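Visitor: Test case, fold it:
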Amino acid sequence: GVLLGAACAVKWSGVFYLIAFAVMTLLWDAGARRAVGLRRPYSGALGKDLPTLLGAVGLLPALTYLVSWTGWFISATGWGRNWAQATSQGPAFFVFDSIRSWLNYHFQVLSFHTGLSTPHNYQSEPWSWPLLLRPVAFFYEGPKNACGADTCSQAVLGVGTPVIWYGGLAALVAMIAWYVATRDWRAGAVLLGYAAGWLPWFYWALADHRTMFMFYAIPMVPFMVLAITLAAGLIIGPADAIPSRRLLGSVVVGAFTVISIINFWWLYPVLTAEIIPYADWSSRMLFKKGWI
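Guide: As a prediction, this is how the structure comes out:
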C-alpha cells in the first residue's frame, strides 16, 4: 500500500496499478479460500478480506500520497499555495484553506491533462509502444569535426533495447498461453501488471485523442522483464529435467542474454549523447521514419 501510494505520488497513472492489484489480491484471497475447501470462497473474501483490503490498498496509499505533499503544505511559495491567507486566521482555517488549495491544484492538473490534444512531432499511440515505433528524441545536435568525421551526431533517444522489447513480446505471448493452460498465478500477475500499465491509455487515445508519448510505457517494462525471466525458466526446464534438456535451455537463454547486452552496447551512444559520426548514428536508427 505504501509503495502504490508512492507510485501515485510520482505519476497519477499509478492508480491503474492500485486498482489492478486491489482486485488481484482480493481474487487471491478468494482462491486461497477455495483451495482449502470453503463453500463460499468469494462471499467470504468480500465479507472478511475486503475490509482489511480497503485499509491496505485504500487508506494507506491515500495517506502515503498525502504525506508526499508535505513540502508543498509547509511552503509559502508552492504553486497555488495561499499561504498568507491560510495562516492569517488560525490553525483550523489553515487546515481548511490548505486542503482547498491542494484540491484546486489537482483540478488544474487534471484539466490540463484531459485537454492535452495538441499535436507533437514525437507523439505516439499506445498500440505502437511495444513495437518501439516512435520513441522521443530528447536531444540532438550535429557538431562539425568533433568525432573524426566531417559530420557528427550527438543524441539522446528515449528508446528501449529492441532485443529485450521484442523478446518481451514473445514472452508475454508465452505467459498468456501458460496462464490459459495452467492458471499459474505468476503468469497471471505479470500479465495483469503489464496490462495495467498499457491498456488504460487506449481509452484516452480513442475517446479523447490525447497527446501521448512512448515513455508512458516505462511502467510496463518491469513486468515485461519478469515475463522474460519466467519464460527463461520455462526454457531451461525444471530442476528434475534431464541434463541435456537443461543444457540446451541454458544455452538458449544465455545466448539471448548475450545478444541483449550487445544490442544495448550498440545503442548506448545514442542513449547517452556520445558524439559519433553521422553514419554511425544513422545505422542505429532501426526505423528511419519513426526513430528520427
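Visitor: Please enumerate the strands of the stretch 1-150 of the chain.
Guide: 136-141 (DSSP state E, counting those that start in this stretch).
Visitor: Helices along that one, start to end?
Guide: Residue ranges of the helices in the stretch 1-150 of the chain, as given by DSSP state H, counting those that start in this stretch, are 2-10, 14-35, 41-44, 50-54, 60-67, 70-73, 83-87, 91-114.
Visitor: I'd like to know which of these has the weakest mean confidence.
Guide: Mean pLDDT across those is lowest at helix 83-87; the value there is a mean of 66.
Visitor: For the spatially most central residue of the chain, which non-adjacent residue is closest in space?
Guide: Nearest to the mean C-alpha position of the chain, counting by Cα atoms, centre = their mean, stands residue 219 at 0.7 Å. Leaving aside its chain neighbours, residue 219 sits nearest to residue 197 (4.0 Å; criterion: Cβ to Cβ, 6 or more residues apart in numbering). Every C-beta, even on glycine, is put in place using the N, C-alpha and C of the backbone.
Visitor: Do me a favour and average the pLDDT over whichever strand or helix holds the one you found.
Guide: According to DSSP states H and E, residue 197 maps onto helix 185-198. Helix 185-198 carries an average pLDDT of 95.
Visitor: Please pull up the helix or strand immediately following it.
Guide: helix 200-203.
Visitor: Show me what that next one is in contact with.
Guide: Residues outside helix 200-203 that contact it (Cβ atoms under 8 Å, 6 or more residues apart in numbering) are 13, 16, 126-127, 212, 216.
Visitor: switch the cut-off to 10 Å
Guide: With contacts defined as Cβ atoms under 10 Å, 6 or more residues apart in numbering, helix 200-203 is touched by 13, 15-17, 19-20, 125-127, 129, 210, 212, 216-217.
Visitor: hmm, back to that, is it true that the residue nearest to residue 219 touches residue 16?
Guide: Yes - using Cβ atoms under 10 Å, residue 197 is in contact with residue 16, at 6.8 Å.
Visitor: helices or strands next to the top helix by length along the chain in the packing?
Guide: Ordering each helix of the chain by length in residues (DSSP state H) puts helix 243-271 first. Using 3 or more Cβ pairs under 10 Å, 6 or more residues apart in numbering; DSSP states H and E, the elements in contact with helix 243-271 are strand 136-141, strand 152-158, helix 162-182, helix 221-236, strand 275-277, helix 278-283.
Visitor: orientation of the second one relative to helix 243-271 in degrees?
Guide: Meaning strand 152-158. 120 degrees (axes from the mean of the first three to the mean of the last three Cα atoms, to 10 degrees).
Visitor: Tell me the strands beside strand 152-158, with direction?
Guide: Applying DSSP bridges, strand 152-158 is found paired with strand 136-141 (antiparallel), strand 275-277 (antiparallel).
Visitor: what's that strand in contact with?
Guide: 122, 135-147, 213-215, 218, 267, 269-282, 284-285, 291-292.
Visitor: what does the last one give?
Guide: The set of residues external to helix 278-283 that reach it, using Cβ under 10 Å, 6+ apart, is 140, 142, 147, 149-155, 157, 266, 269-270, 274-277, 288, 291-292.
Visitor: What residues of that helix count as buried?
Guide: 280-281 (16 or more other Cβ atoms under 10 Å).
Visitor: Make residue 1 into 5 and carry on from there
Guide: Shifting the count to begin at 5 puts that one at helix 282-287.
Visitor: Skip ahead from that helix and say which helix or strand is next.
Guide: Next along from helix 282-287, by DSSP H and E: helix 292-295.
Visitor: Name the residues of that next one that come out as buried.
Guide: For helix 292-295, burial by neighbour count (16+ other Cβ under 10 Å) applies to 294-295.
Visitor: Contacts for it, please.
Guide: Looking at what lies outside helix 292-295 - Cβ under 10 Å, 6+ apart - the contacts are 126, 128, 132, 135-139, 141, 159, 161, 163, 218, 274, 286, 288-289.
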